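whatever this is, show me its structure:
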Amino acid sequence: LVVSRRGKDSASSVFALILETRGTHQSNCVFDALMNAYLDSGFVSDAFQCFRLIRKHNFRIPFHVCGCLLDKMLKLNSPAVAWEYFLEILDAGFPPKVYAFNVLMHKMCKEGKIEQAQMVFDEIGKRGLRPSVVSFNTLINGYCKSGNLEEGFRLKRDMEESRTWPDVYTYSVLINGLCKECRLDDANLLFDETCERGLVPNFVTFTTLIDGQCKNGRIDLAMEIYQKMLGRGIKPDVITYNALINGLCKVGDLKEARKLVDEMNMTGVKPDTITYTTLIDGCCKEGDLHSALEIRQGMIIQGIELDNVAFTALISGLCREGRNLDAEKMLREMLDSGMKPDDATYTMVIDGFCKKGNVKMGFKLLKEMQSDDYVPSVVTYNALMNGLCKLGQMKNADMLLHAMI
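This next block holds a predicted model:
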């Protein structure tokens with residue numbers, strides 16, 4: 001009742017009031033109840049202040065309530081404050097648990113505070129505990145995400161020396177880090193080590209490796225890993241398929257890419273926007289606009305919205321084939337969908353009209369760009385000037401040049 005009346009930031013005054021009340025302060029239950037009351041009211045900082053006052057006055061510390069306060073603090077997005085409190089209750093005799101250290105490390109790594117996470121990790125041993133697989137994995141993941149693979153592998157070695165054996169997650173994280181740095185041969189060796197250790201790579205491990213190979217144009221190796229994945233009875237998901245389809249489209253193998261889409265539908269894996277967009281982009285780059293438009297129609301039927309990449313690819317394909325009116329129509333559709341074309345997309349359409357001698361439409365689109373706060377590039381103006389020059393309108397071209405300057 002006192003806590004609800006006094007509200008937030010009242011811990012010091014309420015504690016002083018209890019001390020002034022004759023005999024009350026001798027009961028440890030009072031302080032247990034006070035900390036609990038602040039926790040129940042959501043006043044975490046007051047509960048923390050109560051703990052400090054209890055400790056300062058040498059009363060019995062209610063460790064069970066301290067544990068509840070720690071749980072509340074771990075749920076808040078302030079790992080630095082939680083760490084400060086955790087150290088204080090540990091120094092006061094609170095029994096340490098590896099779980100709490102792991103949660104703190106995870107939160108610090110999530111915020112990119114790897115040095116602080118390392119401090120938390122180091123404290124585990126100082127408190128007489130042994131880091132778990134999760135402890136090592138959390139910090140390894142943090143280092144790999146920050147691009148410090150060297151520290152990630154150092155921890156793996158420390159892990160093995162302490163006879164805490166890496167699991168599939170450990171290997172997956174390190175393989176992902178190697179793939180991001182394009183160290184694909186090292187990633188393959190680590191994958192082999194995973195299998196040699198008797199561990200069964202999961203779909204994350206396989207997908208990570210497949211994606212790395214595809215992004216670096218090693219599609220044959222990616223397909224080989226994919227076959228191994230199937231051979232182990234591991235079902236690919238949409239991310240796995242998208243990585244492969246992207247890799248195949250990059251090397252111009254649209255036939256195999258479309259086969260994989262058919263396979264997705266047969267195995268119950270639903271293609272998403274990325275799947276279709278990748279195919280559309282691949283078809284347009286290979287000059288197969290007909291197939292790209294067919295895929296777009298299929299997306300519309302299925303209620304799948306086109307994204308910026310798909311619209312841009314289609315506009316580019318239409319412009320290349322000289323279908324300027326269709327390209328403009330696609331641009332309008334893109335705008336109506338709430339998407340914002342970039343300067344290059346507008347310029348493609350402007351250039352298409354100018355090459356066909358329709359400079360008037362080119363200038364109309366230029367005005368639209370400017371009214372929508374776009375700043376046309378030199379390339380945009382060059383397209384318009386080329387169009388004017390082709391029509392023999394040298395005076396207008398000269399005026400446009402001076403307007404640019």
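
for this protein, name the helix or strand with the lowest mean pLDDT.
helix 2-6 (a mean of 55; mean pLDDT, DSSP states H and E).

pLDDT weak spots in this protein?
Within the chain, the segments meeting pLDDT under 70 span 1-12, 14, 16-17, 20, 22-28, 405.

per-domain residue ranges of it.
For the chain, automatic domain parsing gives the domain ranges 1-95, 342-405.

export those to a markdown table and tack on distance to Ala187 and mean neighbour count?
Where C-beta positions appear, they are placed from N, C-alpha and C, glycine not excepted. A markdown table is the format used below for the domains of the chain (distance: least, Cβ to Cβ, whole Å; neighbours: other Cβ atoms under 10 Å):
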| stretch | distance to Ala187 | mean neighbour count |
| --- | --- | --- |
| domain 1-95 | 31 | 16 |
| domain 342-405 | 34 | 16 |
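
let's have these in CSV, adding distance to Asp185.
Output for the domains of the chain, formatted as CSV (distance: least, Cβ to Cβ, whole Å):
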stretch, distance to Asp185
domain 1-95, 37
domain 342-405, 36
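
and Gly298, which of these is closest to it?
With Cβ to Cβ as the criterion, Gly298 lies closest to domain 342-405 of the domains of the chain, at 22.8 Å.

wait, what's in contact with the residue nearest in space to the middle of the chain?
For the chain, the residue nearest the mean C-alpha position is Lys145 (10.5 Å; Cα atoms, centre = their mean). Counting by Cβ atoms under 8 Å, 6 or more residues apart in numbering, Lys145 makes contact with Cys109.

which residue ranges form the helices in the stretch 1-150 of the chain?
2-6, 11-20, 28-40, 44-56, 63-75, 79-91, 98-110, 114-126, 133-145, 149-161 (DSSP state H, counting those that start in this stretch).

elements contacting the fifth one?
Counting contacts by 3 or more Cβ pairs under 8 Å, 6 or more residues apart in numbering; DSSP states H and E, helix 63-75 packs against helix 28-40, helix 44-56, helix 79-91, helix 98-110.

which of those helices sits closest to Lys329?
helix 98-110 (45.1 Å).

buried set for the closest one?
With burial defined by 16 or more other Cβ atoms under 10 Å, the residues of helix 98-110 counted as buried are Ala100, Phe101, Asn102, Val103, Leu104, Met105, His106, Lys107, Met108, Cys109.

could the residues you listed go into CSV alongside distance to Asp372?
Shown next, in CSV, are the buried residues of helix 98-110 (distance: Cβ to Cβ, whole Å):
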residue, distance to Asp372
Ala100, 53
Phe101, 52
Asn102, 50
Val103, 47
Leu104, 48
Met105, 47
His106, 43
Lys107, 42
Met108, 43
Cys109, 41
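
out of the residues you listed, which comes closest to Phe363?
Cys109 (53.6 Å).

now do the helix or strand in which Ser291 is found: which elements does it pack against?
Ser291 is part of helix 289-302 when elements are defined by DSSP states H and E. Applying 3+ Cβ pairs under 8 Å, 6+ apart, one finds that helix 289-302 makes contact with helix 273-285, helix 308-320.

any chance of those helices in CSV, plus distance to Gly392 and mean neighbour count?
Output for these, formatted as CSV (distance: least, Cβ to Cβ, whole Å; neighbours: other Cβ under 10 Å):
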stretch, distance to Gly392, mean neighbour count
helix 273-285, 34, 23
helix 308-320, 24, 22
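
ok, which of those helices comes nearest Leu53?
Comparing the helices and strands packed on helix 289-302 by Cβ to Cβ, helix 273-285 comes nearest, at 55.7 Å.

hang on, Ser316 packs against Met348?
Yes: contact criterion Cβ atoms under 8 Å: Ser316 and Met348 qualify, at 5.8 Å.

now the angle from the helix holding Ser291 to helix 273-285?
Orientation of helix 289-302 against helix 273-285 (axes from the mean of the first three to the mean of the last three Cα atoms, to 10 degrees) gives an angle of 160 degrees.

centre of the chain to helix 289-302, how far?
In terms of Cα atoms, centre = their mean, to the nearest Å, the centre of helix 289-302 is found 29 Å from the chain centre.

do the same with stretch 212-221
For stretch 212-221, the distance to the chain centre is 22 Å (Cα atoms, centre = their mean).
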